[in-house]
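**Q** sequence unknown, structure follows:
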Ligand SMILES: CC(C)=CCC/C(C)=C/CC/C(C)=C/CC/C(C)=C/COC[C@@H](COP(=O)(O)O)OC/C=C(\C)CC/C=C(\C)CC/C=C(\C)CCC=C(C)C
Ligand SMILES: Nc1ccn([C@@H]2O[C@H](COP(=O)(O)OP(=O)(O)OP(=O)(O)O)[C@@H](O)[C@H]2O)c(=O)n1
Ligand SMILES: [Mg+2]
């Protein structure tokens, strides 16, 4: 594979997963308030999801991620396909992040405490599963996305921390 080919594979992968990135970042930027689990606990006595998964964050995450997909679709001349893709990627990102929080609570990891790899990849895995129902991608692109997401997520979180949008840098 030539360098140029690799670069275009990476750019294509980033364009594919972009709505999920916007969904995750928007949930963080516009989130807060009433938790999605409505303060309910699991039989283990701990919260179902915790205070880090909110109704407002989930709503704006899905809305702005879907809008991002639609805007991409205008460029690619397939607005309806990308609207659907944007929606499934965003819903998958928010669900994946919520499942990540569910797993963290079951492992007795408090809200906001780190769970390496799970924190970086939960939303991307959720997005890839639902997004591929609308527009499947090759397996090597899945690996490119997962690998790059680890670094972009870390970078975005450090940026969000320095902008005081997040309390921790992971
Ligand atoms: C465009 C529309 C319709 C709306 C814009 C929505 C919006 C407000 C977007 C914000 C994007 C942005 C520039 C964010 C800056 C970074 C920041 C403050 C992020 C806060 O995110 C925190 C973190 C929370 O994660 P956690 O809950 O799991 O702990 O979210 C992680 C964020 C990301 C993984 C992605 C952030 C990155 C982007 C949104 C843009 C990345 C862009 C590229 C990699 C380049 C795209 C490549 C091509 C070819 C276009
Ligand atoms: N569906 C979501 C996802 C995220 N957020 C917001 O984005 C922040 C960062 O998300 P994340 O790092 O996933 O949450 P944590 O607070 O670290 O909680 P957890 O340990 O459950 O991951 C959350 O605190 C919350 O304010 C939200 O409001 N709604
Ligand atoms: Mg999380």
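**A** The structure has been received and is ready for your questions. Because the structure is a prediction, the values reported are computed rather than measured. Residues are numbered from 1 along each chain as shown. Ligands and ions are numbered 1, 2, ... in the order given.
**Q** What about residue 76, how many residues nearby?
**A** Residues near residue 76, counting by other Cβ atoms under 10 Å, number 10. To be clear about C-beta, it is placed using only N, CA and C from the backbone, and glycine gets the same treatment.
**Q** start at 881 instead
**A** From this message on, residue numbering opens at 881, which makes the last subject residue 956.
**Q** Confirm for me that residue 919 is in contact with residue 927.
**A** Yes. Taking Cβ atoms under 8 Å as the definition, residue 919 is a contact partner of residue 927 at 7.3 Å.
**Q** Which one of those two is surrounded by more residues?
**A** Ranked by neighbour count (other Cβ under 10 Å), residue 919 and residue 927 place residue 927 first, with 20 against 11.
**Q** ok, residue 1036 - contacts?
**A** Taking Cβ atoms under 8 Å, 6 or more residues apart in numbering, we find residue 1036 in contact with 901, 905.
**Q** Check the one 10 residues further on too.
**A** For residue 1046, the contacting residues are 908, 1037, 1040, taking Cβ under 8 Å, 6+ apart as the criterion.
**Q** Quickly note the distance from it to residue 907.
**A** For residue 1046, the distance to residue 907 (Cβ to Cβ, to the nearest Å) stands at 11 Å.
**Q** Repeat that for residue 1025.
**A** Taken as Cβ to Cβ, the span from residue 1025 to residue 907 is 19 Å.
**Q** Distance to ligand 2 for the contacts of residue 1046 - can I get that in JSON lines?
**A** As requested, those are exported to JSON lines (distance: Cβ to the nearest ligand atom, whole Å):
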{"residue": "908", "distance to ligand 2": "4"}
{"residue": "1037", "distance to ligand 2": "8"}
{"residue": "1040", "distance to ligand 2": "8"}
